[in-house]
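Visitor: Here is the input, now give the coordinates:
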Amino acid sequence: MTRLSLTLAGLLAWSIAVAEPDGSITIDGRLDEGAWAEAKLIEDFRRVQPFTLDEPSQPVAARVLSRPEGIAVGIRITQPDGIPRQNARTPRDARMSGDRVNVMIDFDGDGRVGYAFTVGLSGSVQDETITAETRFSSDWDGDWQVAVSEDPEGWSAEFLIPWSIAQMGDSGAEQRTIGLYVDRVLGHNQERAAWPPVSFMRGRFLSDFAPVQIRQYSAGLLRAWPYASVRQDLVADQFDDKLGLDVFWKPSGDFQLAAALNPDFGQVEADELVVNFDAIETFFSDKRPFFTENQGAFTIATPDGGQVLYTRRVGGPRDDEQARAADIDLALKANGSLGGFGYGVFLAREAQYEEDIGRQYSALRLTRPMGDLNLGYLGVHTQRPFLDRDATVHAFDSQWSPDAHWRIEGLLLASASDQASGGRNGHGATLRANYTPTAAWRHNVDLLHYQRSLELNDAGFLGRANLIQGSWQSRFTDNDYAATDAIESTQWSLRLQWRGNDIGERLPADLWFGPTYSMRDGGRLFFEGSLRSAGIDDLISRGNGPVRMAPRHYLYGEYTSPRAPHSQWELGAWLNQGALGGWGLQLNADFVWFVDEHLNLEFYAEPNVSPDWLLWRGDTLFASFDRRQVEAGINLNWFPAERQEFRVKLQWVGIIAEDADAYRLAGDGRLQRSEEAVEDFSVSNFGLQLRYRWEFRPQSDLYVVYSRGGFLREEGPGAEDLGDLLSEVFDLRDADQFLIKVRYRL
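Guide: Okay, the predicted model is just below:
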């Protein structure tokens with residue numbers, strides 16, 4: 001039975017019962033098995049990009065089946081001759097700009113954690129977790145099947161998503177209600193047609209998935225992945241080898257356990273190069289398989305980008321020697337549900353080496369859905385024996401969706417540390433409200449307060465404590481354009497942010513405003529301006545006193561071209577004002593060349609010139625440099641055969657800072673000119689990775705990786721221009737290694 005209800009926002013929500021058909025299904029993309037004829041048919045797709053909610057330019061149909069082996073979804077995309085097809089292959093989880101379809105499922109149907117499965121016309125795949133309504137993470141890689149097939153009238157995609165892919169509550173029931181979302185994107189103009197007609201651009205998303213009732217099957221599973229790696233360090237002339245084991249056990253849908261013994265996470269993924277002169281550390285995502293598997297249950301994010309459990313801490317720089325990463329002896333993770341509660345346990349232990357050095361991490365997660373209200377708790381404990389330090393964080397989170405217009409999230413934080421030099425306690429709280437009164441309007445309000453004694457960074461990530469912040473944002477979408485207009489949709493955005501700290505100092509406030517134009521040909525034009533008020537910077541001096549900052553402003557514009565058959569490009573310009581009032585210019589250019597469906601090349605460069613780059617130089621000394629900087633890179637992706645890929649990732653950051661004007665911080669917080677001499681400096685940071693991957697069977701891989709990189713900082717007169725730095729980049733050789741890794745699923 002199908003029930004259609006119209007919300008006040010004009011959106012559609014469905015409740016569907018999906019029966020079990022007879023017959024088998026082969027995942028080949030053809031949708032020609034008899035079982036599909038008995039599946040629930042979904043045809044009422046609507047355009048959500050642009051968010052017009054009218055019928056798409058080409059029809060789309062989806063079918064849903066519940067099978068003993070998993071949930072099967074078939075999608076038929078009508079795309080006859082005359083509508084360009086774009087099928088360039090991309091690596092797993094890379095951004096797709098061509099023709100593609102998405103299937104997203106909330107297995108518990110409670111709006112807490114969702115999983116997104118994407119396939120392109122090329123057969124390339126992407127999978128992500130969804131938390132906090134619209135927070136997507138591509139770090140997770142699941143074990144699922146998909147295939148596509150083409151014909152003159154269009155193409156089809158066939159998904160099979162196993163019951164074992166995620167922990168689910170109440171797995172013993174005959175029926176379960178999942179949340180389901182399906183969409184299709186045309187590559188040439190980026191038109192997105194979806195069912196139900198909701199959008200991740202509008203604040204509420206995951207909790208607006210359509211409820212779908214399906215038959216449920218048991219999901220017992222036991223798998224093991226032994227692996228071996230060998231590494232030749234060409235700098236230290238050292239050879240290493242390692243054996244390890246991953247185990248995954250799921251006796252039922254209500255419980256699953258993952259363990260990694262003597263794991264080797266190897267250098268198979270390359271982080272983006274970052275040269276950070278700020279007082280706040282850089283956040284990096286985690287691509288290591290163990291730490292991404294069903295990690296959504298442990299994900300609690302703050303409105304300012306923090307995380308209560310930040311898994312990059314595990315196996316990060318050692319406490320006794322920051323230049324070296326810690327090895328991990330054991331990692332364990334269990335997820336389940338019992339008595340209406342969801343729970344998770346996380347444990348990890350680093351190697352101890354000759355002394356008691358390695359850290360130990362433990363976390364407990366509890367959740368309780370109560371209709372429109374979800375409650376949760378996450379406790380994290382970290383032992384750091386080398387520092388004689390124990391640290392604990394308690395986080396209590398809630399999400400309330402009283403109706404289709406409102407989404408309110410709250411978070412209470414408490415930290416306690418115990419160390420030989422003294423311990424301390426801290427607290428924090430955040431509140432986020434999202435209100436979507438109509439299809440055109442969306443409003444957000446964020447409030448947060450962190451005491452200066454709040455500490456999350458033993459196992460979590462918090463950019464800064466000692467913060468009181470409030471922000472308000474409104475967005476208006478205008479789709480009132482004629483079919484002959486070049487512009488198809490415009491989104492206007494206005495955001496105001498106010499900040500202060502615990503001792504009454506007012507940090508700079510910001511006002512951002514600007515439109516985003518979605519062009520009918522698939523291009524995108526974006527403008528933004530910012531006005532920043534005067535205020536105190538209480539971090540830049542690293543504890544040597546607050547610094548008074550003058551008002552600063554910036555203007556930014558960016559154009560992204562339509563996706564042509566063999567290319568796509570992006571060009572942006574950023575006119576920004578430095579801390580002392582000088583104006584600088586930054587450009588960003590990105591060009592992707594799709595040579596054919598098996599080979600693509602990306603070139604990008606971001607030159608930056610500024611006569612006013614203010615840096616802290618020690619105690620109360622500051623300097624404003626004339627900066628010339630370039631970030632540039634090349635990415636090559638080649639797919640010589642099915643399930644094989646060869647990737648080249650080349651990155652470089654070059655900086656020349658010269659002609660410095662020195663300043664001293666006065667007692668009133670103002671910077672006063674000083675006659676002191678401050679040396680020029682230059683930085684060159686280089687990274688190269690060549691990686692071959694062969695997935696010789698599902699979840700079984702061979703990696704052959706060569707990595708090289710180096711960092712050089714020189715004080716005093718050095719390179720005269722960035723070209724000199726670039727010409728010497730291949731002389732940098734802090735790291736130079738060759739790695740072979742095999743991981744085999746038994």
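Visitor: what's the single longest helix in this structure?
Guide: Secondary structure of the chain per DSSP state H: the longest helix is helix 722-727.
Visitor: contacting residues around that one?
Guide: The list of residues contacting helix 722-727 from outside it, by Cβ atoms under 8 Å, 6 or more residues apart in numbering, reads 628-630, 652, 654, 656, 682, 684, 719. Glycine gets a C-beta too; all of them are placed from N, C-alpha and C.
Visitor: So which of those is the closest to residue 579?
Guide: Of all the contacts of helix 722-727, residue 629 has the smallest distance to residue 579: 16.1 Å, by Cβ to Cβ.
Visitor: which parts of the helix or strand containing the closest one are buried?
Guide: Element membership for residue 629 (DSSP states H and E) is strand 621-638. By neighbour count with 16 or more other Cβ atoms under 10 Å, strand 621-638 contains the buried residues 621-633, 635-638.
Visitor: For my notes, confirm residue 297 occurs in a helix.
Guide: Yes - under DSSP: H, G, I helix; E, B strand; the rest coil, residue 297 falls within a helix.
Visitor: Chain neighbours aside, what residue packs nearest to the residue nearest the centre of the chain?
Guide: The chain has residue 137 as the residue nearest its centroid, 4.0 Å off, counting by Cα atoms, centre = their mean. What sits nearest to residue 137 in space, not counting adjacent residues and going by Cβ to Cβ, 6 or more residues apart in numbering, is residue 129, at 5.0 Å.
Visitor: Just give me the neighbour total for that neighbour.
Guide: Residues within reach of residue 129, counting by other Cβ atoms under 10 Å, total 22.
Visitor: what sits against residue 512?
Guide: Contact analysis of residue 512 by Cβ under 8 Å, 6+ apart lists 493-497, 528-530.
Visitor: run the last query once more with 7 Å
Guide: 495, 528, 530 (Cβ atoms under 7 Å, 6 or more residues apart in numbering).
Visitor: In strands, which of the residues you listed fall?
Guide: With strands defined by DSSP state E, the entries of these inside them are 495, 528, 530.
Visitor: right, and the last one touches residue 508 too?
Guide: It refers to residue 530. No - checked against Cβ atoms under 7 Å, the pair residue 530 and residue 508 is beyond contact range at 10.6 Å.
Visitor: Local confidence estimate at residue 695?
Guide: Residue 695 carries a pLDDT score of 91 in this model.
Visitor: Quick one: neighbours of the nearest residue to it once chain neighbours are set aside, just the number.
Guide: Nearest residue to residue 695, sequence neighbours excluded (Cβ to Cβ, 6+ apart): residue 643, at 4.2 Å. Residues near residue 643, counting by other Cβ under 10 Å, number 13.
Visitor: residues contacting residue 671?
Guide: Residue 671 sits next to 547, 622, 663, 665 when contact means Cβ under 7 Å, 6+ apart.
Visitor: Which residues does it form beta bridges with?
Guide: Taking DSSP bridges as the rule, residue 671 bridges to residue 665.
Visitor: cool, and residue 576?
Guide: Following DSSP bridges, residue 576 is listed with bridge partners residue 554, residue 584.
Visitor: ok, residue 241 - how many residues close by?
Guide: Counted with other Cβ under 10 Å, the neighbours of residue 241 add up to 11.
Visitor: Could you list the paired strands of the helix or strand harbouring it along with their orientation?
Guide: Following DSSP H and E, one finds residue 241 within strand 238-252. Sheet pairing here is set by DSSP bridges, and for strand 238-252 it gives strand 221-233 (antiparallel), strand 255-261 (antiparallel).
Visitor: Identify all contacting residues around that strand.
Guide: The contact list for strand 238-252 (Cβ under 7 Å, 6+ apart) reads 164, 171, 218-232, 256-264, 290.
Visitor: show me the contacts for residue 392.
Guide: Taking Cβ under 7 Å, 6+ apart, we find residue 392 in contact with 381, 415-416.
Visitor: Which of those residues fall within strands?
Guide: With strands defined by DSSP E, the entries of the contacts of residue 392 inside them are 381, 415-416.
Visitor: about what we covered before: can you redo the ones in strands among the contacts of residue 512 as a markdown table with neighbour count and distance to residue 104?
Guide: Formatted as a markdown table, these follow (neighbours: other Cβ atoms under 10 Å; distance: Cβ to Cβ, whole Å):
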| residue | neighbour count | distance to residue 104 |
| --- | --- | --- |
| 495 | 17 | 27 |
| 528 | 17 | 29 |
| 530 | 17 | 33 |
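Visitor: Can you pull the poorly scored residue ranges out of this protein?
Guide: Residue ranges of the chain with pLDDT under 70: 1-23, 264-267, 718-719.
Visitor: Which parts of it are helices?
Guide: For the chain, helices defined by DSSP H occupy the ranges 289-292, 722-727.
Visitor: and these, which is most packed in?
Guide: Comparing the helices of the chain by mean neighbour count (mean count of other Cβ atoms under 10 Å), helix 289-292 ranks first with a mean of 21.
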